[in-house]
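**Student:** Sequence and predicted model, in that order:
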Amino acid sequence: MKKRRLLFRSLLIFVLALFVCLLSACHLFNDNSPEYDKTFGAKLYSFGVLSDIHVGYESRGGSNDFKRAIKGLQNLGVEFIGITGDIGYHSETSELQSYKAIIDKHATVPFYACTGNHDATHTDEVWEEYMGHPKNFEIVKDGDVFLFMSLTQNETGGDIDTPYTTSLDWLKERLSRYEGARIFLFMHYPISDYAGLKVNQYYGFSAESTEDDELIKALKNTKNVVVFSGHTHYKFGCESDDYDINVSNFQGEKVSLVHVPSCAYPRNFAGNEEAGISQGYIVDVYETGVILRGVNLATGAYMYEYVYRLKNEGNPSAVETSAIMLSTKDIRLCSSGTAEIEVTLSAPADAVVNVTESNNNIDVFPSTLIFTKENYNVPQKIIVTASSITNSESTAITLSSNGLVTKTIQVKLSIAGTVKFTNEFYVPKDGDIFTGTVENHRIKTEATGKYTLTFDNFSLTHLNTPVYFSSSRSALTLYLKGNNILQSTDTQEQRGMSLSGTTAGKIIGLGEGATLTLKTQGTSSALKGDYYITNASVIIKTSGASAVNYVQAISSGINIVDNGSFSIGGAKVELFSSEKGTLTVNLGECKLGKSKITITAEADSGYTLAYILVNGVQQSIDTPLTMPSSGETITIQGVFTK
């Protein structure tokens, strides 16, 4: 009898357990399951969103709030976490070091971030070292695209007209490349009239800025985007005073803008900070929509009163397996002017790219680029040359290939041609060509703008700095043909060339033997700014500057890419081009015998850097190198293998 009872009890337990399992299985797939939404379909994945963590501002939460947020979001099942900027507070490297230490110790999922205004002074190299990815960064998850767009003009306070400049160009290209896919964009500044700001409030973008208008236009052309921003710190409850302050939409619900409260110290609608509060989001991604769920990061619990449903098109078209990538989309040419565009593919593919022009005043060479799965990311160059131009006009170059989206390069043709100096100060125009010998004249501007200039066996001499770009927002691309000389005859603080722009200038040689020589007699640096040198030799000759002050770097200093050389005070660093990969050699401020030389390598698909050759001797890329002393030369070359 006892055995029967035991058998009956065991059978009953088994049936009940089976029933529970079946019930649980049904729960996973029924309409009430969190893994399925009646409107949006099956759940795909979840990620966390934070903003304004302000590591280093410990009196307002800082590191402690961040550690707690990591634990809370990970406990709620996110696969990764994105941050909309303001990693630190004082824009110091030590804050990024603290951030990385916290991530290394507490994080079990990946973290990604764009910069905020409190990350102002970090160089690209420092940011990538501690964050683990570039400032402008993208990932693809289940066919969805995540874009992290960083500030270009970083200022720790105040509103500015052009906070994103070149980053906005990067974003537009990405939006075009991934057209049709569902896109999640992380940026720091909110856009006026949308989420994150009160009505008629400006904070980040200035009232006069047109960049936010450009951004809205680009988003409207994309129609399948969720944008996360931070900066204002407004807590979730502010929507009771302004309905759209947390989430706003346009294009129906196909584009949504979302403000993310601060992890460190949210503010109320009056702008006052509230202690003890820490807030963020979990985003549940479904087939045709997303659900935003507010999270109290102080307790690690959902805030059920702040749940927002965003309908979108899911991912109706797969992310392109490959796309045509261009180094520039806009060029300006004067008579006999030449420009160079680099073309790559974004992913391995076998493709024939046809290059065609629609105007008889320009010649394009070559007309066909052939890519394979092995060389897809090796830049191939298009050389564009203008003939004798009689009328200013605009035209285009078209790049097309079966299975890839057609890309165009806009070409502005100008009759300006070779420059003739009439006044002492010549303000350059984009596309100018300088040739011949000119004395007692200067090329000088304080205006913001992009300048593409060509020096063709050109010599310029002046008492002061001959070439002077004083605007912090000037961008310079300088093409060199033959031998070119810039000379200052002053014995005081003058340079051969000065570029104050925070974007590094490009010095590119066209043809063999392209040289730029800077001659100075003053006690100041002979060259100011950051530069990338390709296929050219830059030589500094000075009788006045000290041996430790030839270059005044703004950020990265002097870089040689792929092929070229830099010489100062009888010391020379020469980089030879490598097969199956590219080296970039950073010389910093080029202090003789002192400045550290840093080398980075980018291998072609299927290859890796085996070692470098320094003066013909095999070494590791990590072997310490310093700028040579006077009379010494260092030659560098990479060896890449499968």
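**Tutor:** Looks like it arrived, so ask away.
**Student:** my guess is M325 contacts I341, does it?
**Tutor:** No - counting by Cβ atoms under 8 Å, M325 does not reach I341; the two are 10.6 Å apart. Every residue, glycine included, has its C-beta placed from N, CA and C.
**Student:** what about those two, which has more around it?
**Tutor:** Taking other Cβ atoms under 10 Å, M325 and I341 do not tie; I341 has more neighbours (20 against 17).
**Student:** Which positions in the helix or strand where E129 lies come out as buried?
**Tutor:** Assessed by DSSP states H and E, E129 sits inside helix 124-131. Within helix 124-131, the residues scored as buried using 16 or more other Cβ atoms under 10 Å are 127, 130-131.
**Student:** same deal with stretch 437-445?
**Tutor:** Buried residues in stretch 437-445 (16+ other Cβ under 10 Å): 438, 441-445.
**Student:** Have a look at this structure and report its longest strand.
**Tutor:** strand 449-462 (DSSP state E).
**Student:** which element follows it toward the C-terminus?
**Tutor:** Following strand 449-462 in sequence, per DSSP H and E, is strand 467-469.
**Student:** That following strand pairs with which strands, parallel or anti?
**Tutor:** Using DSSP bridges, strand 467-469 pairs in its sheet with strand 442-445 (parallel), strand 497-499 (parallel).
**Student:** could you dump the ones you listed to CSV with mean pLDDT?
**Tutor:** Shown next, in CSV, are these (pLDDT from 0 to 100):
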stretch, mean pLDDT
strand 442-445, 90
strand 497-499, 92
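**Student:** Of the ones you listed, which is nearest V258?
**Tutor:** Evaluated over the strands paired with strand 467-469, closeness to V258 peaks at strand 497-499, with 38.4 Å, by Cβ to Cβ.
**Student:** Now do the closest one: everything it contacts.
**Tutor:** Contacts to strand 497-499, defined as Cβ atoms under 8 Å, 6 or more residues apart in numbering, come from residues 465-470, 474, 476, 486, 505, 518, 527-531.
**Student:** Lowest-confidence one in those?
**Tutor:** Note: of the contacts of strand 497-499, the lowest pLDDT belongs to S474, at 80.
**Student:** Surely that residue touches A447?
**Tutor:** Yes - proximity of S474 to A447 meets the contact threshold set by Cβ under 8 Å, at 7.5 Å.
**Student:** Which one's more surrounded, these two?
**Tutor:** S474 (22 against 12).
**Student:** Return the residues in contact with the nearest residue to T115 once chain neighbours are set aside.
**Tutor:** Using Cβ to Cβ, 6 or more residues apart in numbering and skipping the chain neighbours, the partner closest in space to T115 is S150 (4.0 Å). Applying Cβ under 8 Å, 6+ apart to S150 gives the contacts 85, 114-115, 127, 135-136, 167, 188.
**Student:** Show me where the stretch 101-250 of the chain dips below the pLDDT cut-off.
**Tutor:** 153-158 (pLDDT under 70).
**Student:** typo on my end, the chain
**Tutor:** 1-33, 153-158, 251-253, 314-322, 335-336, 388-392, 414-418, 544-548.
**Student:** which residue is nearest the middle of it?
**Tutor:** N136 (3.0 Å; Cα atoms, centre = their mean).
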